[in-house]
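J.: starting from these lines, generate the structure:
(2 chains)
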Number of protein chains: 2
Amino acid sequence: MESTPRTTVRRLADRGRYDTATVHAILDAAPACTVAFVEEGAPVAIPTIHARLDEVLYLHGSPASRLLTVAASGEELCVAATLIDGIVVARSAFNSSLNYRSVVLFGRGRLVTDLDEKLAAMRAVTEHILPGRWDELRAPTSKEIAGTAIVAMPIEEASAKVRSGPPKDDEGDAAIWSGVIPLRTVPGEPLPERDLPTPESVAAFVRSAPSA
Amino acid sequence: MESTPRTTVRRLADRGRYDTATVHAILDAAPACTVAFVEEGAPVAIPTIHARLDEVLYLHGSPASRLLTVAASGEELCVAATLIDGIVVARSAFNSSLNYRSVVLFGRGRLVTDLDEKLAAMRAVTEHILPGRWDELRAPTSKEIAGTAIVAMPIEEASAKVRSGPPKDDEGDAAIWSGVIPLRTVPGEPLPERDLPTPESVAAFVRSAPSA
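T.: You can find the predicted model right below:
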């Protein structure tokens, strides 16, 4: 993935990362993203669920949704996703910050009409929400397939920005505590609707999550 | 805050919430947001840290940053923030989802030049990152104040969208486990830079966070 003028991180350039593996890892780890588009000349940003297959971002939703309709139109889209990893507690307000991983993608969407691609994308979205779940479920019905709009956005440009590690303090204020409070997203106890054995997807997710 | 055509949640209208208290609570709970603007006719979305005071969203950054420069220009902005609360494990892929709280705001920014407002916004940003931290720190120097750009965006339009609770499954598939995996963001053990007593802001944050 090339760094273009639009995706070059202009400030804090040491935080800019452009390799595809970094971009993909952040995108895959983020449970949701924000899709921005232009409507009547004004910016609109809408949070939504996504999935990635190779160099293509997939969005899904109702065929009647505003986001999916615009995303399918071929207009330019910008997609951002962010993970917050910690609170950077510096010795001054000026250097206080967050540790984070973020990506910004540019591309144009197209409505997915090919059935195989559509099913692969629906699978990817389901697996993005909860890995292993797709194979535990029956295949989608034709009504469900027709009731789902999938938009594919080939990732044309992408950049990642990452801050990690301790505060970067200036000289002085040496008697002030500084450090990082790590933040983690952790699952709680699953809340079943009925008394059935916990499926492997749910058990594996709870098991594999980082402990607090 | 009024619901305008632009902020009316068109799909899943039962998830749309418009009261100011809900919008503010989500905005205040989100550690970061995504700011979308239009650049040469194309959408750009950039993740950043924010704070809110009454009906004004504040953004901060380097005076040279692209985001702050555009945000200060008075062009239309759209700001989205999302919190993920759980994985909705349905009996079908079709009804699988996330529990979340999100807000979308519209407005126009202006550069804050009044010193009192600027300091209040810098305080709000610091306190948004870590409540109680501002009063533990020395006042910002004039160099730090000059090195910080603050943009105020009065919130002209806003909407919130919330999904909570169990899956909404259709009839059938009754033998399939369904439920919710709650997700929480929890702090890990603080990582101090040096051996100093833990400040109250850090201790309180770790104490008050929901347990996993």
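J.: can the lengthiest strand in chain A be found next to chain B?
T.: Longest strand in chain A, counting residues (DSSP state E): strand A:76-89. Yes - using C-beta under 8 Å from any C-beta of the partner chain, strand A:76-89 reaches chain B at A:Glu76, A:Leu77, A:Cys78, A:Val79, A:Ala80, A:Thr82, A:Ile84, A:Ile87, A:Val88, A:Val89. Where C-beta positions appear, they are placed from N, C-alpha and C, glycine not excepted.
J.: helices and strands around that strand, which ones?
T.: Counting contacts by 3 or more C-beta pairs under 8 Å, 6 or more residues apart in numbering or on different chains; DSSP states H and E, strand A:76-89 packs against helix A:20-29, strand A:33-39, strand A:97-108, strand A:179-187, strand B:33-39, strand B:42-48, helix B:200-208.
J.: quick one: distance of the first one to the chain centre.
T.: Here helix A:20-29 shows a centroid-to-chain-centroid distance of 9 Å under the convention C-alpha atoms, centre = their mean, to the nearest Å.
J.: C-alpha coordinates for it, CSV please?
T.: The C-alpha trace of helix A:20-29 is given here as CSV (Å, rounded to 0.1, in the frame of the first residue of the first chain):
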residue,chain,number,x,y,z
THR,A,20,-0.3,-3.4,5.0
ALA,A,21,0.1,-5.9,7.8
THR,A,22,-0.3,-3.1,10.4
VAL,A,23,-3.3,-1.6,8.7
HIS,A,24,-5.0,-4.9,8.4
ALA,A,25,-4.3,-5.9,12.0
ILE,A,26,-5.8,-2.8,13.3
LEU,A,27,-8.8,-3.0,11.0
ASP,A,28,-9.4,-6.6,12.0
ALA,A,29,-9.0,-5.9,15.7
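J.: got a list of contacts for that helix?
T.: Helix A:20-29 is contacted by residues A:1, A:17, A:33, A:50, A:52, A:55, A:57, A:81, A:83, A:101-103, A:105, A:128, A:155, A:158-160, A:162 when judged by C-beta atoms under 8 Å, 6 or more residues apart in numbering or on different chains.
J.: what subset of those residues is buried?
T.: Buried subset of these (neighbour count, 16 or more other C-beta atoms under 10 Å in any protein chain shown): A:1, A:17, A:33, A:50, A:52, A:57, A:81, A:83, A:101-103, A:105, A:128, A:155, A:158-160, A:162.
J.: which residues of chain A score low on pLDDT?
T.: A:1-15, A:210-212 (pLDDT under 70).
J.: enumerate every residue touching the residue of it most remote from its centre.
T.: The C-alpha centroid of chain A is most remote from A:Ala175, which lies 39.0 Å away (C-alpha atoms, centre = their mean). By C-beta under 8 Å, 6+ apart, the contact list for A:Ala175 reads B:Leu196.
J.: and it, what element?
T.: Under DSSP states H and E, no helix or strand contains A:Ala175.
J.: state the distance from the most centrally placed residue in chain A to A:Ala51.
T.: Note on chain A: the residue nearest the mean C-alpha position is A:Ala30, at 3.4 Å, using C-alpha atoms, centre = their mean. Noted for A:Ala30: a distance of 11 Å to A:Ala51, by C-beta to C-beta, to the nearest Å.
J.: for A:Ala21, same thing?
T.: 17 Å.
J.: cool, A:Leu119 as well?
T.: Looking at A:Leu119 against A:Ala51, where the rule is C-beta to C-beta, the gap reads 13 Å.
J.: tell me which of the two has more neighbours.
T.: Applying other C-beta atoms under 10 Å in any protein chain shown to A:Leu119 and A:Ala51 shows that A:Ala51 carries more neighbours, namely 22 against 18.
J.: so that one sits against A:Glu127, correct?
T.: Yes - with contact defined as C-beta atoms under 8 Å, A:Ala51 and A:Glu127 form a contacting pair (7.1 Å).
J.: what angle do the longest strand of chain A and strand B:76-89 make?
T.: Angle of strand A:76-89 versus strand B:76-89, following axes from the mean of the first three to the mean of the last three C-alpha atoms, to 10 degrees, is 80 degrees.
J.: partner strands of strand A:76-89, with direction?
T.: Using DSSP bridges, the strands paired with strand A:76-89 are strand A:33-39 (antiparallel), strand A:97-108 (antiparallel), strand A:179-187 (antiparallel).
J.: export those strands to JSON lines and tack on distance to A:Arg123?
T.: JSON lines is the format used below for the strands paired with strand A:76-89 (distance: least, C-beta to C-beta, whole Å):
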{"stretch": "strand A:33-39", "distance to A:Arg123": "18"}
{"stretch": "strand A:97-108", "distance to A:Arg123": "21"}
{"stretch": "strand A:179-187", "distance to A:Arg123": "22"}
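J.: tell me the most buried of these?
T.: The highest average neighbour count among the strands paired with strand A:76-89, using mean count of other C-beta atoms under 10 Å in any protein chain shown, belongs to strand A:33-39 at a mean of 25.
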